[in-house]
Structures are given as C-alpha cells and as structure tokens.
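**Q** I would like to see how this sequence folds:
(2 chains)
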Protein chains: 2
Amino acid sequence: MIALPPNLSCRDGHLYIGDCNTVTLANTFKTPLYVTDEERIRNRFLEYTRALNSRYPHCRILYATKANGNSTIIRILAEMGAGADVFSSGELQLALSAGMSPQTLLFNGSSKTTDDLIRAIQTGVRISLDSTDELYQLESVAAETGRTVEVSFRVNPAINAPTHPKIATGLASCKFGIAAEKIIPAYQAALSCSHLVPVGIHCHIGSQITAVEPFAREAEVLMELVAELHRRGVGFAFVDLGGGLGIPYNRAGNENAPSIDSYAEAVLPPCIAMCNELGIAPEIWIEPGRSLVCDSTILLTRVNSVKHAHKNFVNVDAGFNLLIRPAMYNSYHEVIVANKASEPAGDTYTITGPICETGDILAHDRELPIIVAGDLIAILDTGAYGFSMASQYNCRPRCAEVLVKGTQAELMRRAETLDDIRSTMVTPSWHKQ
Amino acid sequence: MIALPPNLSCRDGHLYIGDCNTVTLANTFKTPLYVTDEERIRNRFLEYTRALNSRYPHCRILYATKANGNSTIIRILAEMGAGADVFSSGELQLALSAGMSPQTLLFNGSSKTTDDLIRAIQTGVRISLDSTDELYQLESVAAETGRTVEVSFRVNPAINAPTHPKIATGLASCKFGIAAEKIIPAYQAALSCSHLVPVGIHCHIGSQITAVEPFAREAEVLMELVAELHRRGVGFAFVDLGGGLGIPYNRAGNENAPSIDSYAEAVLPPCIAMCNELGIAPEIWIEPGRSLVCDSTILLTRVNSVKHAHKNFVNVDAGFNLLIRPAMYNSYHEVIVANKASEPAGDTYTITGPICETGDILAHDRELPIIVAGDLIAILDTGAYGFSMASQYNCRPRCAEVLVKGTQAELMRRAETLDDIRSTMVTPSWHKQ
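**A** Below you'll find the predicted structure:
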C-alpha cells in the first residue's frame, strides 16, 4: 500500500484530495485535470519557516517560480511571506503582480536579454549574475538608466549531487555560475563598477536531491567564499543557498527524501557559525520549488480504452503534452485508480498517453486494480514541473487546473480550446484569398 | 563546411533563407524566431508525388500534422493535394479548415476519447483502430449515431528500425497497434460489426529512420496481411504505410538519409507486385512529416552573452522551451552564425538556452566563428517537432513564426505575450479581494 501524502485519503473507495472527491471533481471539471490542494502548500511553507527561523531569525524563502507558475499559487505563497526566485521577465512580472516586494526577489538566469536587464533595473529587483561578461553588460545598462543595482554572483561549487544529469546544476561541467576559484576576481570586478554593488552570493546545486550532505557541503563552500569576500570589503545583505530538496516520488517503493527539518539542520549551522565568526548577520535565502508545491497536486486522467497485447496498456487522455517528466527524465510518479482506491491489485498495467510517440508512457508495469474504460486515474506528485512544462503537442489544448481548499473546489486555470491554439496564427498576405 | 539545404545560402557573409537575409528578418521580427521557406516545402512535396506517382498511379500523401501544426503550412500542403494523418480532434479540425476533404484524412491514435470518435464520425473521416477494445467502443458510438464508419487497423509489424527508442513505433514492445499475428481475428471482428466497414490497413514503424530496408520489410509484412485479408473478404480502399523517413541532421558529419526516390523504390514494388497478384488497386498512402517540412525551417536566436568558463558557453534567447529535441532526444541540429556565415571557425562553443535546467543545451562543442554578444545564431532543420512541441516553461511566451517566399516575409504566427500566458488563469472566489 502506498503511503499517501497527508492531503490525500481514501474514503468509500474513492480518492479524496483535501475534502473533495476526485471522482466528482473529474465529472464536474472534465479530464484531464490538475488538482492542487491549497492547505498542503501552506503546510509545507510553514514547515520551512519553522525549520529555518527556529535556527536563524533572518531566513527568507524565495519560491522557485518555474516549478509552478500559476498566479494563484504564487499569490498564496506571497501572502505567507515568500519571495521568489525568478528566471525570466515573465516570472518577475508574475511575482510582482502577486504582491511580492522587489527586495524579496532575485532575478536569476544564465542568459538574460538587455530588455530583461532593463526591466529588472526598473523594478528594483536584485540580479544574480552568471558571468563577468554579464557583469559588464549590466554595468553598461545600469549606467544608461543612471541607477545603482544590487547584485550577486552565482557560484558553481563543483559539487556532484546525486540526481538526474539534466537537472544537476552544481557540477563543474554545467552551464551555470562561476567556478569557485574564479569568484574573487569576479567580485573585485563588481566592486570596481560604478553602478553595481555586490550585496550577496548565490548558489544552486540541482533539483530533486534526496540527501542532505551535498547541501551541507555547498553551505560550507559558500561560507568560505563569504568569509574571503567579507575580508575584501563585500557587505553581505544575503547569502542564497538555492533550492533542490527532493521529494519521495516512489511512495510504494519507500523512497526516502530528507525532511525539511533535517535539511535546515544540515545547511544552517555552517552558515550561522561563519556569520558569528565574521560578526555579520546577512539574510539567508533558500529557493525551494518542488519540495514546496509538488505533492500538493494530482493529475486526473480518464481511461479511454484498455489494450491487452504483450502488455496491458491503459490508454488515458493525458500524455507527455501535460506531464513530460516520465518521457523526458524517466521519472517515476505514483498512480492510483481514483474510483477504485480501496480495491486490491488485480493485474499489471502500463499507463500510456494519447501522443503519437512511443515514449508517451506515464507509468510502466504497475500493479493496480482491474481497469476498464471510463475509470479514473490519478497521477501523484505533479505540482512541480507538471503544467509549467506542458505543451500543445499534437494540437491538444492544455487542460484546466483546479484549486481545492477543504470542500471548496474552483478553477485556477480554465481549459484551453482549439481557438486558443489558433489565436496566435496569422495568414501571410499572399495566402489570403 | 556544411552542405546547406538548397533553400539556404550564404550571401555577403549573411545566411539567407529563400531570398531573405536572416539578419534583416531577426531585426524586423525580433528573436527568437522560427523562419520557414514555403518553396522548400513545395519542392519536397513535389519530390514525393513524382517518386510515388511515377511508380503507382494511386498514391496519396497524408501529411503527419503533428510535425508542424501551423495552419498556413497545412493549407499549402492541402493546395498541393495532400491529405493528413491526424492524431487528435484538434489536428482533424485544422486539416478540415485547411480545405482537406475527409476522404483524404485518417484519424489515428492509440487513445481516443468518445468525443473524438463522435467528432470523427460526424465529419466522415476514416478511423484507424489501435485495438479490438477500441473497435467495440467505436461500434457502439457508431450505432448511436446511426452511421456506418470506414475503418482500418494499425498493425504492429514487430520491425526494429534503427532510430531513437522514444520514437521507434514498430517494435513488438511498443504501445501502438495490433500484433501481426492477431490482426486476422481483429478484422473478422470488424467484419461482423454492423456499423463498421474495414476498408484499409495501417502501419507506422517509427520516425527519423535513415535506411530504406525497414520500410521495405514493413511493406512486405503489410502486403502479406493484405493478401490474407483479401481472401477473407476485406475490400481494400487503401493501404497506409505510415511515415518515418529521416533527414540528415548532421550535415557537417556527412550524415546520410535515403532520398525520397530510393524510399519509393523500396516500398512500392512489393506493394505493386502483391496488388497485381491479387488483382486489386487500392490507394497506397504514406504519412511523411519530418521529411516534408523539417529542412524548410530555421530557428533564429540572439546571443545574450558569451561565458568563457571550462568551456565557451554561448547564451542565446531560445532554449528547450522552443526546441526540445536536443534536451529530450539528444538530437543534433546544425548551427550557423548567421551574421558571420562565411567566416572561418575560430573557437569551440556550446550553445545554451535561457531555461533553468542543465539540460538546456541546443548544441555541444561546435567549431564556429568567434562569437560575441549580439551575434545571430541559426539552428537548422527545425521545421518538424520544433514549434509543435514548444512550451511556456519558465513563463516564457512562445516566439513568432515567419513564412518566406522568395523575397516576401510575413508572420504566420505572432509572438505570444505575458498576457497570452495569463489569459487562461482565473482566480478562485475565496482568493478574490
């Protein structure tokens, strides 16, 4: 039996999210459907604030917006006191619209356009620089606007955290950041820029990391650099440890992920010790995405047909157009037959989507209750990198997202139609009749 | 030096597509930008029709809409006489709107909803069935509408074509189709359905296949089944060989792909021989996508910054949000510095996008002219599975698509804005102030 996240339960044979019956939600709002439980996000955020602030009073959580860019979710986190890690002008705008103050945001990214930089300067947000090339670009843009910009550099700590290579961002070989041994000259260059003030340092070693040791090592590397830079005259307003804490996707297999508390216990003590030694008290920032929002959400998808071939294929109405992680990263997501949630396993099934590619498989060889056309499947842990990576591949409109709170359930994103897909298409004049 | 496709050329140091200067196009329409050359698509289509019709008069080309779903491209192909392989209600609607007649379309797919089936029946399109489960579903829907529906089955020929496993669709282990040894009972079941008439057979062994032998074997397997089914009373209006012909993405490495003519020479003779033997003359359908539209298109992207770390990273404004093939399938795409198209290589560069993932790399370790911020990069062969798989990941609006014809250049899709991304978001009532 799967250890469900606390917001999911089985009642009278049906899967519930919050106090809402998923079978009713699917009938009301149609499938496919993302369903997010607001309380779960609030509880995870509270877990973070407690774990962090009980150890060090000047902590700040910057939500990694890319995990789930729905503006209602950003607004919930803003209300609770979160800032945001934003990676594009679009994410910056969403965070500001949600009521976050510019001082609680960090504009990240390894490839920013001049327009991105201008917009960031105008809004007063701090900017994390990825290279000295970008430093001089920003200095020149800042000089034109006549403003002074607070910046940090992203350090590449050369730490090999155990995760999927496509999302391991702290390796020496990856595209992000400046190697630790080159960071001192970068800050010296920043100190000599007349429109830039280095006020922080930033690091991020990857995503879906399920051990705390890499985070502890990262904190140590970073604080050594802070000490060195402090001696050279950098005044630290913030030290940003990035995000990356993983979650246990394989619940049936008893996959483990560190608790938020053990994460805090791993990263904060080295930071606090060094701050005390240096006599400084910068804000310590962390940038959780997945660990904040992922298990709040399920993807409901209807069974169109069951094919008994060399395997049992369950053909559902959601595919990698809506959830690309299994096809792209070979990711595991737990599957529950939502209308038969208390029935015992009866056969082995592979859950396949409607996309015209062999790789469109959401789950391989799962032991599940006997499945027939019309049944409802719930894919768990889809709140992060689910809708945010969705496409309209195969000319499929993207689905709706529903937010539930207790027994309340309302749309936070309507389903697209074919007209939405066509809305940006225009006809060149020589093709007009 | 790269062997450019015939629609690309270097003039006065700039890359041209058709008779349009890519540097001018990028300045006019902004980057990132997909640019498609109409003449190239027309020429590829003519190559197909000549190769096919010179060998067998009853051939039909069904464009695989999923490769590129822009309605202008579908309309161009419709004007030239193409039908379409459609894989969703959306693709069906686009094909009909482009003026294609229902008799030239095949509704494919392994996971169709009841709504899909109803819509297909209403439009009079033929349906390719993926399982007997789906057969009975369709029979029941057809009975309700009181119509008779012409159908085919998709055969899984258990042919291992050399391509990426995620797009090899003819393997015994894949999700698509009915195993050849089970196809006779499936047709017998169809013959006994009162609202369905089997009139064709359908097969598709994969995508980006760069040898003709697998196609020849597929044709032989399929025609053996046609013979057997003919003897059992199935009247064949069409035999659909599917698509899958590859293109030479690695032009610098002299990658080879079969010509359209050698493809036709491999697949048609076995079909013609068996048809003659049986005394039948069905239409022979093929479903090209990539080989029709891929090399018509380039993706133009601007260099934001160049980072000299352990490697030279060229940070551009397009990433796997716009072209996911390199990140998802490890695909190779040729790269040209469009404003320095005749300059010799000066260094080795890795082209990286703006997405917050280590895997967001468009091209690894390419020998290119010295690159600086502001330069313009062209990614070649992006007409298939480029925009059609694009997402708004990292809250990035999708870019525009321009169609060129000779010296003419106009939008066939406008760039999205942040408002487009927000247009489907709604606020649950308890979050309204």
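
**Q** give me every residue that touches A:Ala190.
**A** A:Leu129, A:Leu135, A:Val151, A:Phe153, A:Leu196, A:Val197, A:Pro198 (Cβ atoms under 8 Å, 6 or more residues apart in numbering or on different chains). (C-beta placed from N, C-alpha, C; glycine too.)

**Q** Among these, which one has the most neighbours?
**A** A:Leu129 (29 neighbours; other Cβ atoms under 10 Å in any protein chain shown).

**Q** Next, give phi and psi for it.
**A** The phi and psi values for A:Leu129, taken as degrees, to the nearest 10, are phi -90, psi 140.

**Q** quick one, what contacts it?
**A** A:Leu135, A:Leu138, A:Val151, A:Ser152, A:Phe153, A:Arg154, A:Ala186, A:Ala190.

**Q** out of these, which are inside strands?
**A** Counted as lying in strands by DSSP state E, out of those, are A:Val151, A:Ser152, A:Phe153, A:Arg154.

**Q** quick one on the thing from earlier: can I get the contacts of A:Leu129 in TSV with distance to A:Glu287?
**A** Listed next are the contacts of A:Leu129 as TSV, based on distance: Cβ to Cβ, whole Å:
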residue	distance to A:Glu287
A:Leu135	21
A:Leu138	21
A:Val151	17
A:Ser152	12
A:Phe153	15
A:Arg154	11
A:Ala186	21
A:Ala190	21
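
**Q** hang on, the earlier thing: as a markdown table, the contacts of A:Ala190 with pLDDT and distance to B:Lys340 would be great.
**A** Formatted as a markdown table, the contacts of A:Ala190 follow (pLDDT from 0 to 100; distance: Cβ to Cβ, whole Å):
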| residue | pLDDT | distance to B:Lys340 |
| --- | --- | --- |
| A:Leu129 | 96 | 27 |
| A:Leu135 | 95 | 25 |
| A:Val151 | 98 | 31 |
| A:Phe153 | 97 | 30 |
| A:Leu196 | 98 | 31 |
| A:Val197 | 98 | 36 |
| A:Pro198 | 98 | 34 |
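
**Q** Need the residues you listed in TSV (columns: distance to B:Ala363).
**A** Below are the contacts of A:Ala190 laid out as TSV (distance: Cβ to Cβ, whole Å):
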residue	distance to B:Ala363
A:Leu129	24
A:Leu135	25
A:Val151	29
A:Phe153	26
A:Leu196	32
A:Val197	36
A:Pro198	33
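
**Q** all helices in chain A, in order from the N-terminus.
**A** Counting by DSSP state H, one finds helices in chain A at the ranges A:22-29, A:38-53, A:71-79, A:89-97, A:114-123, A:132-145, A:183-191, A:213-231, A:260-278, A:290-293, A:325-329, A:418-422.

**Q** Could you identify which of these is most buried?
**A** When the helices of chain A are scored by mean count of other Cβ atoms under 10 Å in any protein chain shown, the highest mean neighbour count falls to helix A:290-293 (a mean of 28).

**Q** Output the contacting helices and strands for that helix.
**A** helix A:38-53, strand A:59-64 (3 or more Cβ pairs under 8 Å, 6 or more residues apart in numbering or on different chains; DSSP states H and E).

**Q** any chance of the ones you listed in CSV, with mean pLDDT and distance to chain B too?
**A** Converted to CSV, the helices and strands packed on helix A:290-293 look like this (pLDDT from 0 to 100; distance: least, Cβ to the nearest Cβ, whole Å):
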stretch, mean pLDDT, distance to chain B
helix A:38-53, 98, 8
strand A:59-64, 98, 8
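
**Q** Go through the ones in strands among the contacts of A:Leu129 and say which is closest to chain B.
**A** A:Arg154 (11.0 Å; Cβ to the nearest Cβ).

**Q** what about that closest one, how many residues close to it?
**A** Neighbours of A:Arg154 (other Cβ under 10 Å): 25.

**Q** now the end-to-end length of stretch A:287-304.
**A** 39 Å (Cα to Cα, to the nearest Å).

**Q** ok, now which ones touch A:Ser97?
**A** Taking Cβ under 8 Å, 6+ apart, one finds A:Ser71 in contact with A:Ser97.

**Q** how close does it sit to A:Ile74?
**A** A:Ser97 is 8 Å from A:Ile74, where distance means Cβ to Cβ, to the nearest Å.

**Q** Repeat that for A:Asp240.
**A** A:Asp240 is 19 Å from A:Ile74, by Cβ to Cβ.

**Q** For the helices and strands packed on helix A:290-293, could you give me TSV that also reports distance to B:Cys174?
**A** Output for the helices and strands packed on helix A:290-293, formatted as TSV (distance: least, Cβ to Cβ, whole Å):
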stretch	distance to B:Cys174
helix A:38-53	37
strand A:59-64	36
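
**Q** Which of those sits closest to A:Asp317?
**A** helix A:38-53 (24.8 Å; Cβ to Cβ).

**Q** Mind giving me the packing neighbours of the closest one?
**A** Against helix A:38-53 (3+ Cβ pairs under 8 Å, 6+ apart) you get strand A:59-64, helix A:71-79, helix A:260-278, strand A:283-286, helix A:290-293, strand A:400-405.

**Q** run the last query once more with 6 Å
**A** Helix A:38-53 sits against strand A:59-64, helix A:260-278, with contacts defined as 3 or more Cβ pairs under 6 Å, 6 or more residues apart in numbering or on different chains; DSSP states H and E.

**Q** in its sheet, what does the lowest-mean-pLDDT helix or strand in chain A sit against?
**A** None of the helices or strands of chain A scores lower by mean pLDDT, DSSP states H and E than strand A:178-179, at a mean of 91. Paired strands of strand A:178-179, with direction, are strand A:149-156 (parallel) (DSSP bridges).

**Q** Restrict the partner strand to CA atoms and write it as PDB.
**A** Output in PDB follows, covering the C-alpha atoms of strand A:149-156 (Å, rounded to 0.1, in the frame of the first residue of the first chain):
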ATOM      1  CA  VAL A 149      21.900  47.900  -9.000                       C
ATOM      2  CA  GLU A 150      22.500  45.400  -6.200                       C
ATOM      3  CA  VAL A 151      23.900  42.200  -7.500                       C
ATOM      4  CA  SER A 152      25.200  38.700  -6.500                       C
ATOM      5  CA  PHE A 153      27.200  36.200  -8.500                       C
ATOM      6  CA  ARG A 154      26.100  32.600  -8.900                       C
ATOM      7  CA  VAL A 155      28.900  30.300  -7.800                       C
ATOM      8  CA  ASN A 156      29.400  26.900  -9.300                       C
END
